[in-house]
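A.B. asks: Here's a sequence, model it:
(one chain, ligands or ions: 2)
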Amino acid sequence: MNDCLFCRIISGEIPSKKVYEDEHTYAFEDINPQAPTHVLVVPKKHIRGLKEARGEDSELIGLCHLAAANIARQRSIEDGYRTVLNVGPRAGQSVFHLHVHLIGGRGLQWPPG
Ligand code: AMP
Ligand code: ZN
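C.D. replies: Ligands and ions are numbered 1, 2, ... in the order given. Coordinates of the predicted model:
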């Protein structure tokens, strides 16, 4: 989708700090990091968000989480990190291409705000 920010990042049209890429997923540094590690992992397929995802998307969603877990392992933040999907504007979703936030490298409060 050429009006989607993250599709344009995946295609390279908009620059990003790439962290990881494979056939189905792309990971990059969040432009406004909320922790020492704040990486976004997205499926290359445009999915608007979790509530729009379908059964056929379940493997992609799983792959995004496993990519996040691998990045966390590589960065030695496995003592505590969080994977987060903001779903809908009231939860803070601002980009409507499904993305997993990988946040870590500092203590994390519970519950989140
Ligand atoms: P959300 O608010 O859950 O939809 O998350 C969107 C995230 O995308 C926010 O954490 C933003 O800081 C991040 N973001 C927005 N534009 C860019 C960009 N051009 N490159 C990297 N991250 C971005
Ligand atoms: Zn998109």
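
A.B. asks: From here on, just use CA atoms for contacts and neighbour counts.
C.D. replies: Noted.

A.B. asks: who touches the longest strand anywhere in the chain?
C.D. replies: Using DSSP state E to assign secondary structure, the strand with the most residues in the chain is strand 37-43. The contact list for strand 37-43 (C-alpha atoms under 8 Å, 6 or more residues apart in numbering) reads 6, 19, 24-30, 33, 60-61, 64-65, 67-68, 97-105.

A.B. asks: same thing but at 7 Å, please
C.D. replies: Where contact means C-alpha atoms under 7 Å, 6 or more residues apart in numbering, the residues beyond strand 37-43 that reach it are 24-30, 60, 64, 68, 98-105.

A.B. asks: Tell me the confidence at Gly107?
C.D. replies: In this model, Gly107 is scored at 97, pLDDT.

A.B. asks: Identify the bridge partners of the closest residue to Leu60 other than its chain neighbours.
C.D. replies: Ranked by C-alpha to C-alpha, 6 or more residues apart in numbering and with sequence neighbours excluded, the top spatial neighbour of Leu60 is Pro43, at 6.2 Å. Beta bridges link Pro43 to Thr25, judged by DSSP bridges.

A.B. asks: Now do Pro43 against Arg90, distance only.
C.D. replies: 23 Å (C-alpha to C-alpha, to the nearest Å).

A.B. asks: what do you get for Asp79?
C.D. replies: 30 Å.

A.B. asks: before we move on, back to that, can you give me how far the longest strand of the chain is from the chain middle?
C.D. replies: Relative to its chain's centre, strand 37-43 lies at 3 Å (C-alpha atoms, centre = their mean, to the nearest Å).

A.B. asks: Show the subsequent helix or strand relative to that strand.
C.D. replies: helix 58-74 (DSSP states H and E).

A.B. asks: Please compare Asp79 and Arg90 by neighbour count and tell me which comes out ahead.
C.D. replies: Set Asp79 next to Arg90 and count neighbours by other C-alpha atoms under 10 Å: Asp79 wins out with 11 against 8.
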